[in-house]
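K.L.:
Take this sequence and fold it.
(2 chains)
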There are 2 protein chains.
Amino acid sequence: MAATRAILFDVFGTLVDWRGSVIAGLIAFGAARGVSGDWPEIADAWYRAYRPSMDRVRRGAIPWTILDDLHRDALVDIARRHGLSPLADADCAYLVGLWHRLSAWPDVVAGLIRLKRRFIIGPLSNGHLALQVNLARHNAFPWDVTFGSDIFRYYKPDPQVYLGACDLLGLVPEEVMLVAAHNDDLAAASSLGLQTGFIARPREFGNEHNDRAQAKGDWNIMADSVEDLADHLGT
Amino acid sequence: MAATRAILFDVFGTLVDWRGSVIAGLIAFGAARGVSGDWPEIADAWYRAYRPSMDRVRRGAIPWTILDDLHRDALVDIARRHGLSPLADADCAYLVGLWHRLSAWPDVVAGLIRLKRRFIIGPLSNGHLALQVNLARHNAFPWDVTFGSDIFRYYKPDPQVYLGACDLLGLVPEEVMLVAAHNDDLAAASSLGLQTGFIARPREFGNEHNDRAQAKGDWNIMADSVEDLADHLGT
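P.N.:
Residues are numbered from 1 along each chain as shown, chains lettered A, B, ... in the order given. Now for the predicted structure:
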């Protein structure tokens, strides 16, 4: 491996428990509004809409659209299918904002503080910059650099995201490590020359068996937390 | 004023003492190499080349070029004019790197920590992103967001920089304050609807009288340090 200079992190699932946080937010919203719903299923349906909606952007079916707007369109559709009464615009905005207030897994901040001593650290997520800034403030992520998908106007796994980040850092891909809990993200990064670190997040999709939490590639580092990653890297 | 959500900072002169830092770096370089030179004059000549070289990019005379490359070309020219022997590539790279290791004025970090409690904070500089990342690590700037000129591929005072930052933050210009020690930067920001904060830096150009350290506009806040700015904003 070339000397690692920067470590970039996938965020949803890898650093933050999007599912637990969104379900908790939906339950609180339902209680405040006196609305009942199958909140875990609504959260999962919301997540299932994520990749297809980004793929519409990726293949050019719709113009560049940030995640907040994709989330809002999906939410309106899911609310209708689940028989919830039409959501007021302010409620939609509030619920879309849940994705700006997701809570980190407990190992993340301690691990990032250790990694920051020796490496440039930052997010490389399909969330836009404003969302990343809010997540960082919510969780006290000590980023050196903040990337958002709207800097590139591409979504992972399109190569423009990974290579654009390396270019803005003034580094070659071999000096940059992508860390993710998802094999497809790491496969794209690896094919472009980046180093790869896998973090297993078996609880990303709740308590069910999570086949996606198994490493399925020859990643440079396999870890089960950001602190474990810091151990592997000797920081 | 609209409620301020984010405060963006000019960096060279406003947050860091580029002149003192570059002179100190040149003196150390000269001592290590056994080369003598009028280092303050060389630093000032280097600075004087900064605006004209960016203006060549701004008016399209040359394609987009990051500050490191503009700095290197200017340095080669200045070294020749000052009768220094031709600089090796490694020496050039080392000296251009001085601009990545500039030291902050003493009030900056304490002030930023206070402002971060209530506002999104970040740099909005003509330095590229890699330079901003290095300056932040060198000085422990606690940024929430990191902008660099190469995200926009425009140089201030072109409007694309100010408006591009607002857009990426998901904010309207009226919610964003630009803080700078330079009236022309604030005038451009103000004309686009941003709020403005002036910080007087009478020592930016050394001990000589600095006419540019006088506020020459009706800026929203006038301060003499980042801590003073935090006082004005009640944080």
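K.L.:
Any stretches of chain A with poor pLDDT?
P.N.:
A:1 (pLDDT under 70).
K.L.:
Quick check: what element follows whichever strand or helix holds A:Ala31 along the chain?
P.N.:
Using DSSP states H and E, the secondary-structure element containing A:Ala31 is helix A:18-33. Scanning the chain past helix A:18-33 towards its C-terminal end, the next helix or strand to appear is helix A:39-48 (assignment: DSSP H and E).
K.L.:
Give me the angle between that following helix and helix A:18-33.
P.N.:
When axes from the mean of the first three to the mean of the last three CA atoms, to 10 degrees is applied, the directions of helix A:39-48 and helix A:18-33 differ by 130 degrees.
K.L.:
now for helix A:39-48, which elements pack on it?
P.N.:
Applying 3 or more CB pairs under 8 Å, 6 or more residues apart in numbering or on different chains; DSSP states H and E, one finds that helix A:39-48 contacts helix A:18-33, helix A:67-81. The C-beta positions use only the backbone N, C-alpha and C, and glycine is treated the same way.
K.L.:
With just CA atoms, put it into PDB.
P.N.:
In PDB, the C-alpha atoms belonging to helix A:39-48 read as follows (Å, rounded to 0.1, in the frame of the first residue of the first chain):
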ATOM      1  CA  TRP A  39     -42.900   3.100  11.600                       C
ATOM      2  CA  PRO A  40     -40.100   0.500  11.100                       C
ATOM      3  CA  GLU A  41     -41.700  -0.600   7.800                       C
ATOM      4  CA  ILE A  42     -42.100   3.100   6.800                       C
ATOM      5  CA  ALA A  43     -38.400   3.700   7.600                       C
ATOM      6  CA  ASP A  44     -37.400   0.600   5.600                       C
ATOM      7  CA  ALA A  45     -39.600   1.600   2.600                       C
ATOM      8  CA  TRP A  46     -38.000   5.100   2.700                       C
ATOM      9  CA  TYR A  47     -34.600   3.400   2.600                       C
ATOM     10  CA  ARG A  48     -35.600   1.100  -0.300                       C
END
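K.L.:
Identify the residues contacting the helix holding A:Ala31?
P.N.:
When contacts are defined by CB atoms under 8 Å, 6 or more residues apart in numbering or on different chains, helix A:18-33 is touched by residues A:12, A:35-37, A:39-40, A:42-44, A:46-47, A:91, A:94-95, A:98-99, A:101-103, A:203-206.
K.L.:
picking up where we left off before, any chance of the helices and strands packed on helix A:39-48 in JSON lines, with mean neighbour count too?
P.N.:
Formatted as JSON lines, the entries for those read as follows, by neighbours: other CB atoms under 10 Å in any protein chain shown:
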{"stretch": "helix A:18-33", "mean neighbour count": "17"}
{"stretch": "helix A:67-81", "mean neighbour count": "17"}
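K.L.:
how about those helices, which one is nearest A:Ser149?
P.N.:
Using CB to CB as the criterion, the shortest distance between A:Ser149 and the helices and strands packed on helix A:39-48 is 7.1 Å, found for helix A:67-81.
K.L.:
so after that closest one, what's the next helix or strand?
P.N.:
Proceeding C-terminally, helix A:67-81 gives way to helix A:89-96 as the next helix or strand, assigned by DSSP H and E.
K.L.:
what angle sits between that next one and helix A:39-48?
P.N.:
80 degrees.
K.L.:
What are the buried residues along helix A:89-96?
P.N.:
Buried residues in helix A:89-96, counted by 16 or more other CB atoms under 10 Å in any protein chain shown: A:91-92, A:95-96.
K.L.:
how about the helix or strand following it as PDB, C-alpha atoms only?
P.N.:
Taking DSSP H and E as the definition, the helix or strand that follows helix A:89-96 towards the C-terminus is helix A:108-116. These are the backbone C-alpha positions of helix A:108-116, laid out as PDB (Å, rounded to 0.1, in the frame of the first residue of the first chain):
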ATOM      1  CA  VAL A 108     -17.300   6.600  15.700                       C
ATOM      2  CA  VAL A 109     -16.300   9.900  17.400                       C
ATOM      3  CA  ALA A 110     -13.600   8.300  19.500                       C
ATOM      4  CA  GLY A 111     -12.200   6.500  16.500                       C
ATOM      5  CA  LEU A 112     -12.300   9.600  14.300                       C
ATOM      6  CA  ILE A 113     -10.400  11.600  16.900                       C
ATOM      7  CA  ARG A 114      -7.600   9.000  16.900                       C
ATOM      8  CA  LEU A 115      -7.500   8.800  13.100                       C
ATOM      9  CA  LYS A 116      -7.400  12.600  12.700                       C
END
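K.L.:
for helix A:108-116, packing partners?
P.N.:
Contacts of helix A:108-116 with other secondary structure elements, assessed using 3+ CB pairs under 8 Å, 6+ apart, are made with helix A:226-232.
K.L.:
Buried ones from the contacts of helix A:18-33, can you make that a ChimeraX selection?
P.N.:
Selecting just the buried residues from the contacts of helix A:18-33 in ChimeraX takes one command, with 16+ other CB under 10 Å as the test:
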select /A:12,37,39,42,43,44,46,47,91,95,98,99,101,102,103,204,205
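K.L.:
In a markdown table, list the helices and strands packed on helix A:39-48 along with distance to B:Gly197.
P.N.:
Listed next are the helices and strands packed on helix A:39-48 as a markdown table, based on distance: least, CB to CB, whole Å:
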| stretch | distance to B:Gly197 |
| --- | --- |
| helix A:18-33 | 35 |
| helix A:67-81 | 29 |
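K.L.:
How about the residues of chain A by chain B?
P.N.:
Within reach of chain B by CB under 8 Å from any CB of the partner chain, chain A has these residues: A:68, A:120, A:128-130, A:133, A:136-137, A:143-146, A:148, A:150-151, A:168-171.
K.L.:
repeat that for 6 Å
P.N.:
A:120, A:129-130, A:133, A:137, A:144-146, A:151, A:168-170 (CB under 6 Å from any CB of the partner chain).
K.L.:
Return the subset of these lying in helices.
P.N.:
When these are checked against helices using DSSP state H, the ones located there are A:129-130, A:133, A:137, A:151, A:168-169.
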